[in-house]
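Peer 1: structure of the sequence below:
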Amino acid sequence: DLFNFAKSTNGSPLKFMGYHLMQQYGCFNKYKIPPSTLETLLGHLEVGYHSNGNPYHNNLHATDVLQTTHWMISQTGLKDWLSDIEIFSLLFSAIIHDYDHSGTTNNFHI
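Peer 2: Model prediction:
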């Protein structure tokens, strides 16, 4: 239950899920990412997901997309077909995909 997970992380589900999955997939060692740097980055991203008060494209949505991406990689056999950098790219893309989303469409911005 993602809502309970968010409560148990004091409103920072993306930070905790992102850190856990990056660690689980060995990204710290493979890409020489200092854990403290990733933790800081995830904390800043978490804040950015709240910057526009968007009720849908927020940190909870990003965590849901991240968890779904992990499930697809780990449960469908994709992990056997993807390289380590492709897995890292998928996870990182899921984390940042709606960062600072204004809640409006592309046509609105044109």
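Peer 1: tell me where the model's unsure across this protein.
Peer 2: Within the chain, the stretches with pLDDT under 70 are 109-110.
Peer 1: same thing but 90
Peer 2: 1, 48-57, 98-110 (pLDDT under 90).
Peer 1: and the spatially most central residue of the chain, how far is that from residue 24?
Peer 2: Central residue of the chain (C-alpha atoms, centre = their mean): residue 95, 2.3 Å from the mean position. Counting by C-beta to C-beta, to the nearest Å, the gap from residue 95 to residue 24 is 14 Å. Heads up, the C-betas are built off the backbone N, CA and C, glycines and all.
Peer 1: surely residue 102 and residue 53 touch.
Peer 2: No: assessed by C-beta atoms under 8 Å, residue 102 is found out of contact with residue 53, at 9.9 Å.
Peer 1: gap between the biggest helix by length in the chain and the chain center?
Peer 2: Determined from DSSP state H, the single longest helix within the chain is helix 59-75. Per C-alpha atoms, centre = their mean, to the nearest Å, the displacement of helix 59-75 from the mean C-alpha position of its chain is 7 Å.
Peer 1: quick check: next helix or strand after it?
Peer 2: Next in sequence after helix 59-75, counting helices and strands by DSSP states H and E, comes helix 84-96.
Peer 1: residues contacting the residue nearest to residue 35 when sequence neighbours are not counted?
Peer 2: Counting by C-beta to C-beta, 6 or more residues apart in numbering, residue 35 lies nearest to residue 28, which is 5.8 Å off, once chain neighbours are set aside. Residues in contact with residue 28, defined by C-beta atoms under 8 Å, 6 or more residues apart in numbering, are 22, 34, 35, 38.
Peer 1: quick one: residue 28 from residue 91, how far?
Peer 2: Applying C-beta to C-beta to residue 28 and residue 91 gives a distance of 13 Å.
Peer 1: can you list residues touching both of the two?
Peer 2: Common contact partners of residue 28 and residue 91 (C-beta under 8 Å, 6+ apart): residue 22.
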